[in-house]
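Engineer: from the sequence below, what's the structure:
(one chain, ligands or ions: 1)
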Amino acid sequence: MPLLSAQNIAWSPPDSDALLFADVDFDVDAGERVVLEGPSGSGKSTLLRCLVGLEPRRSGTVRWRGEPVDAESMRRFRNRATYVQQRPSAISETVGENLAFAREMARQFAGDRALDEDGQHDLLERLGLGHIGMSRRFDDLSVGEQQRVCLVRALTGQPDMLLLDEPTSALDPERVEQIEDLLIAYVDDAPDRRAFVWVSHQPDQIERISTRVLDVSQWTQERR
Ligand SMILES: Nc1ncnc2c1ncn2[C@@H]1O[C@H](COP(=O)(O)OP(=O)(O)OP(=O)(O)O)[C@@H](O)[C@H]1O
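Structural biologist: Residues are numbered from 1 along each chain as shown. Take a look at the predicted model:
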């Protein structure tokens, strides 16, 4: 059974009937590293946001391990299939508070599997942020630093699926490959239960990270 199924999903902006995309239908199996590609404005970010219920769909169903995701199961789903948005944002003021909040959420949904403070620090170190001050304001970090803190936040619950919207867009090439290697290994270490869906439009990156590529423009509609 697939980890995630998107079935017949369509979306239009709240104030319009003009569909941006329709008939979106795909499965993601455990062990897969799927890239969502497509031209700018084709709807890659919006589709990810639809999958995790942050954009209201016009139609369609999202299934997690075969079960439809509804309002009741949404929080649990988001903790098993964790979304990392394109523009990093703070959930609390300081770096330390952001990480503590992630641990708190992860404890609720992932129990013993969740990373503790040491686990988060190991990860920060692997991402080149070993010395970052816990009292620094998240909003004062560079975007590249924020992206890496967001990745640590997302990995704290050790989710089965990562839904990643251009998570390396603000980083230098060396750091980009470090993060790619880390996330590839994350899936490949538990291919029977983990996968990612990663929005990217850089051909060299797509080549390095993907086992399958989905082009969103196959679902994009002519806009009136
Ligand atoms: N809430 C919204 N209301 C109105 N229009 C929206 C909304 N969200 C997205 N759009 C529009 O939908 C289109 C697709 O946006 P989206 O960010 O999903 O594209 P993308 O493929 O991720 O682009 P990029 O590669 O540039 O990040 C854009 O024209 C955008 O302006």
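
Engineer: tell me who's in contact with Val143.
Structural biologist: Val143 is in contact with 88, 170, counting by CB atoms under 8 Å, 6 or more residues apart in numbering. In short, each C-beta sits where N, CA and C put it, glycine included.

Engineer: so how far is Pro167 from it?
Structural biologist: Look at Val143 and Pro167: by CB to CB, to the nearest Å, they are 11 Å apart.

Engineer: go on, Thr220?
Structural biologist: Applying CB to CB, the value for Thr220 to Pro167 is 23 Å.

Engineer: the more surrounded of the two?
Structural biologist: Counting neighbours by other CB atoms under 10 Å for Thr220 and for Pro167 shows that Pro167 has the greater number, 25 against 20.

Engineer: give the buried residues for stretch 2-18.
Structural biologist: 2-6, 9-12 (16 or more other CB atoms under 10 Å).

Engineer: could you dump these to TSV with pLDDT?
Structural biologist: As requested, those are exported to TSV (pLDDT from 0 to 100):
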residue	pLDDT
Pro2	97
Leu3	97
Leu4	98
Ser5	98
Ala6	97
Ile9	97
Ala10	96
Trp11	96
Ser12	95
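
Engineer: turn the residues you listed into JSON lines, including distance to the ligand.
Structural biologist: Shown next, in JSON lines, are the buried residues of stretch 2-18 (distance: CB to the nearest ligand atom, whole Å):
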{"residue": "Pro2", "distance to the ligand": "23"}
{"residue": "Leu3", "distance to the ligand": "22"}
{"residue": "Leu4", "distance to the ligand": "18"}
{"residue": "Ser5", "distance to the ligand": "20"}
{"residue": "Ala6", "distance to the ligand": "15"}
{"residue": "Ile9", "distance to the ligand": "13"}
{"residue": "Ala10", "distance to the ligand": "13"}
{"residue": "Trp11", "distance to the ligand": "8"}
{"residue": "Ser12", "distance to the ligand": "9"}
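
Engineer: just the pLDDT for the most centrally placed residue in the chain.
Structural biologist: Centroid-nearest residue in the chain: Leu163, 2.4 Å away (criterion: CA atoms, centre = their mean). Model confidence at Leu163, given as pLDDT, is 98.

Engineer: same deal with Ile91?
Structural biologist: For Ile91, pLDDT reads 87.

Engineer: number of nearby residues for Gly38?
Structural biologist: Other residues lying near Gly38 total 19 when counted by other CB under 10 Å.

Engineer: residues from this protein in reach of the ligand?
Structural biologist: Contact residues, the chain versus the ligand (CB under 6 Å from any ligand atom): 13, 20, 38, 40-46.

Engineer: please enumerate the helices of this structure.
Structural biologist: 44-51, 74-80, 95-110, 117-126, 143-155, 173-188, 203-209 (DSSP state H).

Engineer: just put those in CSV and tack on mean pLDDT.
Structural biologist: Shown next, in CSV, are the helices of the chain (pLDDT from 0 to 100):
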stretch, mean pLDDT
helix 44-51, 96
helix 74-80, 93
helix 95-110, 92
helix 117-126, 96
helix 143-155, 95
helix 173-188, 95
helix 203-209, 96
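
Engineer: quick check: which of those is buried the most?
Structural biologist: Highest mean neighbour count of these: helix 44-51, a mean of 23 (counted as mean count of other CB atoms under 10 Å).

Engineer: residue contacts, Gly43?
Structural biologist: 11, 20-21, 216, 219-220.

Engineer: and Asp139, how many neighbours does it have?
Structural biologist: Asp139: 11 neighbours (other CB under 10 Å).

Engineer: on that earlier part again, quick check: the two most widely separated of the buried residues of stretch 2-18?
Structural biologist: Leu3 and Ser12 (27.3 Å; CB to CB).
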